[in-house]
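1. Need coordinates for the following:
(2 chains)
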Amino acid sequence: MERRSLIGPLILIAIGALWLAHNIWPSFDASGLFRKYWPFLLIGWGVLRLVEVLALASQGKTLRRGMSGGEFFVAALVCVVGLAMTLPSHGPRIRIEGSAVEIFGEAYDYPVDLKQAVRPGTRLVIDNLNGNVRVAGGDTAEVTVTGRTTVRSLDRSSADELHSKLNIEFAEEGDRVTLRTNHERVPDNRRIATELNVVVPRSMTVETRGRSGDVDVSGLDGSVEVVSERGDVNLSRVGGAKLSLNRSGRINIADVSGNVEIASTRGSDLSVASVNGEVTVSGGFSGDMSFSKIAKPLRFSSRNSEMRVERIDGSFSMDLGDLNGEDVTGPVRIHTKSRDINLDRFTGPLDIEIERGDINLHPAAPLEQMSVRCQRSGDIQLALPEKARFTLDAVAERGTIENQAGGEFVSEMRNRESRLRSKSPGGPAVNLSTARGTITLQQR
Amino acid sequence: MSTANSNLIAAIRGPVMMIAIGTLFALDQTMGVSIARTWPGLLIVLGLLILAERSYRP
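-> Predicted structure coming up:
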């Protein structure tokens, strides 16, 4: 009789262990591990099967040819899910359409050199489908464009022909000037990319539109608008920023005098620092997000999360598993699914609602109104400032409450529920509750 | 003996292809060598395996 392979059960055990770990420690990022290492799953699987086949062969047993349909299906599923999870951070690296030409063709470069005088208050629109765009503000009254167009083609003459259709130009209409690279005129325009270096008057407002390529803007008093399908975005020393992105790569924004608005369907890393205006972020980000020195409210919304922080003097950062804040000012509102939360030296009212995760709070004096709730499971730890006045109501539906801080409290226990309340009301309300977990009060 | 060898090579075809695919994806992810460039390697590996199998067949 033919022996069945051991790999199926082994994989079941591995998946079970991963999910279990994820459920026990919410910060254990099972999907992140899979995203990073799924190709090695295939390699490991292949090696195990190989060892199995060789062992069977050495014992002179009958060998099964090829892989079973079920195995093939699971392997294909791993590939598809793994690819789908890695694509956003990959950006343009996997791009099958262009690859055939890239392998067989050659790159031909054509220089770009343009100048255009502009009136003050003009808005510059850069319309470049493929390629990196770099914009810098300077003490000048005209827009200077340098760079090069790269055409991938089998030979020089067909590259010339494609390039002749482009005709990179400025178009003026009303108070806006558009720089067009006209890639749309070529049907197979993925083989064309234009890299632009643009110097503009410092007071200008700039808008870039494109499909792929990095955008880099610095030294503008005017604001910047970026519309892009994929690519990194770097903005520094600008008047304001508005980003509408699809699959963004790394986003770095620093030193903005006005507001920042970011919408990304599937982004990876995001860092925003030193903003004098409001910051609004919406969309999904799979990487690290960090915000520091934001003078006005930060709002963040994604499919699972909703957050708002009044002001950030220190930093506020999060990834898929953790959220850390330091020197932030409330009202702080954090509604999310599963994350461990650490808040250090925060002031103002606090409102946290999560499904699972541990919460660690070190508020600065004086204490203000606080409402913290773990809907499913998680520990809550609150380190109280000295001589704090507050009205406590802490409930652990299944769990315990440890009071290491002293004070006048009434403790109740009923079934599996523990409750700790202030004896007499006075001071702001502090409500802590968890469905399953330990609540700890400490004195700092 | 040659039939046994041919069967062995047919049996390791699946695992070897799986390792090859995994390696290409791992290269893509860790070293940035795009799978869009390296995929023809899979055809070569598969071709070699089939050739080896045939050359042993009686």
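
2. CA only for contacts and neighbour counts going forward, please
-> Noted.

3. buried stuff in the helix or strand of chain B with the lowest mean pLDDT?
-> Least confident helix or strand of chain B, by mean pLDDT, DSSP states H and E, is helix B:35-38 with a mean of 78. The neighbour-count check on helix B:35-38 (16 or more other CA atoms under 10 Å in any protein chain shown) flags B:35-37 as buried.

4. next one: stretch A:48-58
-> Buried-residue list, stretch A:48-58, by 16+ other CA under 10 Å: A:48-50, A:52-54, A:56-57.

5. Can the next helix or strand after the least confident helix or strand of chain B be said to contact chain A?
-> Scanning forward in sequence from helix B:35-38, with DSSP states H and E defining helices and strands, the next element found is helix B:40-56. No - if you take CA under 8 Å from any CA of the partner chain as the test, helix B:40-56 misses chain A, and the best it gets is 10.9 Å.

6. Flag every buried residue along helix B:40-56.
-> Here helix B:40-56 shows B:46, B:49, B:53 as buried, counting by 16+ other CA under 10 Å.

7. Out of those, which is nearest to A:T150?
-> B:L46 (35.6 Å; CA to CA).

8. Verify the stated contact: the closest one with B:M17.
-> Yes - taking contacts as CA atoms under 8 Å, B:L46 lies within contact range of B:M17: 7.0 Å.

9. which among the buried residues of stretch A:48-58 gets closest to A:P385?
-> For those, the nearest to A:P385 is A:L48 (56.6 Å; CA to CA).

10. Am I right that that closest one sits in a helix?
-> Yes - judged by DSSP: H, G, I helix; E, B strand; the rest coil, A:L48 forms part of a helix.

11. Report the distance from the longest helix seen in chain B to the chain centre.
-> Ranked by residue count and defined by DSSP state H, the top helix of chain B is helix B:2-31. On the basis of CA atoms, centre = their mean, to the nearest Å, helix B:2-31 sits 4 Å off its chain's mean C-alpha point.

12. Show me what counts as buried in that helix.
-> Under 16+ other CA under 10 Å, the buried positions of helix B:2-31 are B:5-29.

13. and those residues near chain A, which?
-> Checking these against chain A (CA under 8 Å from any CA), the matches are B:7-8, B:10-23, B:25-26, B:29.

14. can you pull the buried residues of the helix or strand encompassing A:Y110?
-> Assigned by DSSP H and E, A:Y110 belongs to strand A:106-117. If you call a residue buried by 16+ other CA under 10 Å, then strand A:106-117 has these buried ones: A:106-109, A:112, A:116.

15. any chance of the residues you listed in CSV, plus distance to chain B?
-> Shown next, in CSV, are the buried residues of strand A:106-117 (distance: CA to the nearest CA, whole Å):
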residue, distance to chain B
A:E106, 15
A:A107, 16
A:Y108, 20
A:D109, 22
A:V112, 29
A:Q116, 39
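
16. Between those residues, which has the least confident prediction?
-> Ranked by pLDDT, those bottom out at A:E106 (79).

17. Hmm, that residue is touching A:R152, no?
-> Yes - the criterion here is CA under 8 Å, and A:E106 meets it with A:R152 at 5.3 Å.

18. returning to that earlier point: which member of the buried residues of stretch A:48-58 is positioned nearest A:R376?
-> A:L48 (38.8 Å).

19. was I right about that closest one contacting A:L10?
-> No - using CA under 8 Å as the test, A:L48 is too far from A:L10 to be in contact (10.2 Å).

20. got any ranges where chain A has weak pLDDT?
-> Within chain A, the ranges that satisfy pLDDT under 70 run A:1-5, A:26-27, A:64-67, A:86-105.

21. Would you mind listing what in the stretch 251-400 of chain A touches chain B?
-> So the stretch 251-400 of chain A never meets chain B (CA under 8 Å from any CA).

22. Closest residue of the stretch 251-400 of chain A to chain B?
-> A:S268 (14.9 Å; CA to the nearest CA).

23. Grab the nearest non-local neighbour of that residue.
-> A:G287 (4.4 Å; CA to CA, 6 or more residues apart in numbering or on different chains).

24. tell me the contacts of that neighbour?
-> A:267-270, A:319-320 (CA atoms under 8 Å, 6 or more residues apart in numbering or on different chains).

25. if we go to 7 Å?
-> A:268-269, A:319 (CA atoms under 7 Å, 6 or more residues apart in numbering or on different chains).

26. got the contact list for the spatially most central residue of chain A?
-> Centrality entry for chain A: nearest residue to the mean C-alpha point is A:F285, 2.4 Å, by CA atoms, centre = their mean. Contacts for A:F285 (CA under 7 Å, 6+ apart) come out as A:266-269.

27. Show me which of those residues is closest to A:L361.
-> Closest to A:L361, out of all of those and judged by CA to CA, is A:D269, at 25.8 Å.

28. Give me the phi and psi for the closest one.
-> phi -100, psi 150 (degrees, to the nearest 10).

29. Check the burial of it by counting its neighbours.
-> Neighbourhood size, A:D269 [other CA atoms under 10 Å in any protein chain shown]: 18.

30. thought it was touching A:G284?
-> No - taking CA atoms under 7 Å as the definition, A:D269 is not a contact partner of A:G284, at 10.3 Å.

31. before we move on, the earlier item: now the buried residues of stretch A:48-58 in TSV, with distance to chain B?
-> Below are the buried residues of stretch A:48-58 laid out as TSV (distance: CA to the nearest CA, whole Å):
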residue	distance to chain B
A:L48	8
A:R49	6
A:L50	6
A:E52	10
A:V53	7
A:L54	8
A:L56	10
A:A57	7
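
32. Between the two ends of stretch B:36-44, how far is it?
-> From its first residue to its last, stretch B:36-44 covers 15 Å (CA to CA, to the nearest Å).

33. Put the alpha carbons of stretch A:189-198 into PDB.
-> Taking Å, rounded to 0.1, in the frame of the first residue of the first chain, the C-alpha atoms of stretch A:189-198 are listed here in PDB:
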ATOM      1  CA  ASN A 189       3.400  53.400 -22.400                       C
ATOM      2  CA  ARG A 190       4.800  51.200 -19.700                       C
ATOM      3  CA  ARG A 191       8.100  51.100 -21.600                       C
ATOM      4  CA  ILE A 192       8.400  54.800 -21.300                       C
ATOM      5  CA  ALA A 193       9.500  56.700 -18.200                       C
ATOM      6  CA  THR A 194      10.500  60.300 -17.800                       C
ATOM      7  CA  GLU A 195      12.600  61.500 -14.900                       C
ATOM      8  CA  LEU A 196      12.100  65.200 -14.200                       C
ATOM      9  CA  ASN A 197      14.100  67.600 -12.100                       C
ATOM     10  CA  VAL A 198      12.000  70.800 -11.800                       C
END
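
34. do that stretch and chain B meet?
-> No - Stretch A:189-198 does not reach chain B (CA under 7 Å from any CA of the partner chain); its nearest approach is 14.6 Å.
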